[in-house]
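Participant: Dropping a prediction and its sequence here:
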Amino acid sequence: MQEELNIIQNPQPEIQQRRLNYTPSTIAHILNELRKVVVGQDEVIEQILVAILAEGHALIEGVPGTAKTLTVKTLARIIGAKFSRIQFTPDLMPSDITGTNVFNMQNSQFALRHGPIFTDILLADEINRTPPKTQAALLESMEERQTTIDGERYQLSPLFTVLATENPIEYEGTYPLPEAQLDRFLLKILIDYPTVDAEREIVARWDAGFNSRHLEQIDVHPLGDAMAIGRCRAEVKMMKTEPGIQKYIVEIVHKTRNHPSILYGASPRASVALLLCSKALAAIRGRDFSTPDDVRDIALPVLRHRLALRAEAELDGATTDAVISDIIKTVEVPR
């Protein structure tokens, strides 16, 4: 882990001279192995990889049964990351996430019992079903990549990534995340039902013997280099964005603050997030520079949870995604 941290903080000279030495082959391997298990969610997978390469966290919204858990578990296995899952419930306590000090009767000392947060990839299932106090314990760790237990701070893994899920249908008995906490998620990813062809492929695989409950029996090959994700992150960090693309990003975000259908727009944090995500998306697509297409393609997941519509606009049938799409059409594309 220390080696990965050093790679992230101090990129090696040879990487600086030749960009994207690792990212294209690493991403190609991940996608190839994931497709052995997950069918028809290429855009979702791409956005999850953007969050990981941009060192952020993602909120995933989709109905049950759309392969959210399967995708995350398989991805963790492929990249060689430790994986934990928390099922959020109304009675979940902060210590159930972070861990707690337990008194050892044999040596009369307290010992830390690590919670599931001490991992690389954390799946926070139905995060909106637990009270704000417990949500805050997780969100603090997301922001600082450390946690405090009984007044003592503990560093988390440099790869630590939270992929939190929400069910868009059931709202009874839930605790919606406040806007300030939603803003800490780099992306909000929407998972839709698979297409008819994709669902036929899923059924055919299960009929042939596939079983998602026995992933260890599936021939999935992990990355050979344990530091691969750290190297990819370093390459993304070193990418530079043209001033025209920077201006394009800022103008898109700025227009969310003056749109008649929007109650409050996205903050400067959204501009930074859109910059980082467009660079990560470009790297995933094999380029060491971002284009207006990268910005447009990642704008919805970056912005949709960072603004709120006016009540009258919602009554007229407006949606956040539709408003953002309209804004993007009004911004001049850099040449």
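Facilitator: That came through, no problem. Residues are numbered from 1 along each chain as shown.

Participant: give me the low-pLDDT residue ranges for the stretch 1-150 of the chain?
Facilitator: Within the stretch 1-150 of the chain, the segments meeting pLDDT under 70 span 1-18.

Participant: which residues in it form strands?
Facilitator: Counting by DSSP state E, counting those that start in this stretch, the segments of the stretch 1-150 of the chain that form strands are 58-61, 83-87, 99-104, 109-114, 121-125, 146-149.

Participant: Adding mean neighbour count and distance to Thr74, write these out as JSON lines.
Facilitator: C-beta coordinates here come from the backbone N, C-alpha and C atoms, glycine included. JSON lines is the format used below for those (neighbours: other Cβ atoms under 10 Å; distance: least, Cβ to Cβ, whole Å):
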{"stretch": "strand 58-61", "mean neighbour count": "24", "distance to Thr74": "14"}
{"stretch": "strand 83-87", "mean neighbour count": "17", "distance to Thr74": "10"}
{"stretch": "strand 99-104", "mean neighbour count": "13", "distance to Thr74": "26"}
{"stretch": "strand 109-114", "mean neighbour count": "12", "distance to Thr74": "24"}
{"stretch": "strand 121-125", "mean neighbour count": "24", "distance to Thr74": "11"}
{"stretch": "strand 146-149", "mean neighbour count": "17", "distance to Thr74": "27"}
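
Participant: could those go into a markdown table alongside distance to Asp207?
Facilitator: What follows is the strands of the stretch 1-150 of the chain, written out as a markdown table (distance: least, Cβ to Cβ, whole Å):
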| stretch | distance to Asp207 |
| --- | --- |
| strand 58-61 | 28 |
| strand 83-87 | 28 |
| strand 99-104 | 43 |
| strand 109-114 | 41 |
| strand 121-125 | 28 |
| strand 146-149 | 45 |
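
Participant: Please report how far the most far-flung residue of the chain relative to its centre lies from Asp150.
Facilitator: Here the chain reaches farthest from its C-alpha mean at Gln106, the gap being 42.2 Å by Cα atoms, centre = their mean. Per Cβ to Cβ, to the nearest Å, Gln106 is found 20 Å from Asp150.

Participant: how much space between Ala322 and Ile328?
Facilitator: From Ala322 to Ile328 the distance is 11 Å (Cβ to Cβ).

Participant: which of those two has more neighbours?
Facilitator: Taking neighbours as other Cβ atoms under 10 Å, Ala322 and Ile328 compare with Ile328 leading, 19 against 14.

Participant: and the more buried one, what pLDDT?
Facilitator: Looking at Ile328, its pLDDT stands at 96.

Participant: Since that was my last question, I'll sign off now.
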